[in-house]
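S.K.: give the three-dimensional model of this entry:
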Amino acid sequence: MIHVERKKQDRAAQTRDTILEAAAKVLFEEGYSAATTLHIQQVAGVSRGRLLHHFPSREVLLTAAVHHLADVRIAELTAGVAIPDDLRERIRFAVAAMWEITGQSCFWATMELWMGARTANPELREALSDVERRMLGVLRARADELFGPQVTAAPDYLRTREVMITSMRGARLAYTFHPRDPETEPALANWEAMFEAILPLVGSRMEAAE
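M.R.: Numbering: from 1, shown residues only. Alright, predicted model coming up:
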């Protein structure tokens, strides 16, 4: 009996993930207007009843899809990657990793939801408050992990981290109108310099080494 119940739970979890992945795919590739429950149901290949069992409204489905996409993509992005020991190299690595994270599909999916909420859907706007809090929480936690204890212990680290995250997200939006190679983004050097500047002792050693 327990085995049967567990198999049912596993199938339900698999169906839920399938629906979330379909919703995230539609949202990212086709935009908010295309992300109807009917279209997502068709892409997921599930019945209307199964979709509504897991997600009773479009707002619940789309916000859950963004959560799911962020959890999966951000966790995968730097998993198993060796972080440099040298502090200057670590700052450069962390900034580059955060820049790549802000360019992931979960960021663009969130922007699609924000546009839909701004123009047409007050219920979605309210639901997105939680999405934004969670997204920022994920970005902040990942930044702290990437920069490491020496950088995060700096007195001005939290403010610098917020400036970086905010400006990175803004810069990514500009790529919608002016597409270019993100690896040559001029602001990367500025973001690196911000973190080097909050570590005066480390900065002095860097200058001496040069």
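
S.K.: which residues of this structure fall in strands?
M.R.: Read by DSSP state E, the chain holds no strands at all.

S.K.: what about it, any weak spots by pLDDT?
M.R.: Along the chain, the parts satisfying pLDDT under 70 run over 1-10, 75-79, 119-121, 201-210.

S.K.: and the helices in it?
M.R.: Along the chain, the segments classed as helices by DSSP state H run 2-30, 37-44, 48-54, 58-77, 87-101, 105-119, 122-152, 157-174, 187-197, 200-209.

S.K.: can you lay out those as a markdown table showing distance to residue 180?
M.R.: (C-beta placed from N, C-alpha, C; glycine too.) Output for these, formatted as a markdown table (distance: least, C-beta to C-beta, whole Å):
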| stretch | distance to residue 180 |
| --- | --- |
| helix 2-30 | 20 |
| helix 37-44 | 31 |
| helix 48-54 | 39 |
| helix 58-77 | 21 |
| helix 87-101 | 13 |
| helix 105-119 | 16 |
| helix 122-152 | 23 |
| helix 157-174 | 9 |
| helix 187-197 | 12 |
| helix 200-209 | 29 |
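
S.K.: can you put the ones you listed in CSV and add distance to residue 181 and mean neighbour count?
M.R.: Below are the helices of the chain laid out as CSV (distance: least, C-beta to C-beta, whole Å; neighbours: other C-beta atoms under 10 Å):
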stretch, distance to residue 181, mean neighbour count
helix 2-30, 21, 15
helix 37-44, 31, 17
helix 48-54, 39, 15
helix 58-77, 19, 20
helix 87-101, 12, 19
helix 105-119, 17, 19
helix 122-152, 22, 16
helix 157-174, 13, 16
helix 187-197, 12, 17
helix 200-209, 27, 11
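
S.K.: and the gap between the residue nearest to residue 118 when sequence neighbours are not counted and residue 57?
M.R.: Setting aside the residues directly before and after it, residue 118 is nearest to residue 125 in space (C-beta to C-beta, 6 or more residues apart in numbering), at 7.3 Å. From residue 125 over to residue 57 the distance is 14 Å, taken as C-beta to C-beta, to the nearest Å.

S.K.: again, but for residue 129
M.R.: Taken as C-beta to C-beta, the span from residue 129 to residue 57 is 16 Å.

S.K.: again with residue 68
M.R.: With C-beta to C-beta as the criterion, residue 68 and residue 57 are 16 Å apart.

S.K.: over to residue 124?
M.R.: 10 Å.

S.K.: so what sits against both of the two?
M.R.: Common neighbours of residue 124 and residue 57, using C-beta atoms under 8 Å, 6 or more residues apart in numbering, do not exist here.

S.K.: ok, for residue 34, nearest residue in space, not its chain neighbours?
M.R.: Nearest in space to residue 34, with sequence neighbours left out and distances taken as C-beta to C-beta, 6+ apart, is residue 26 at 5.9 Å.
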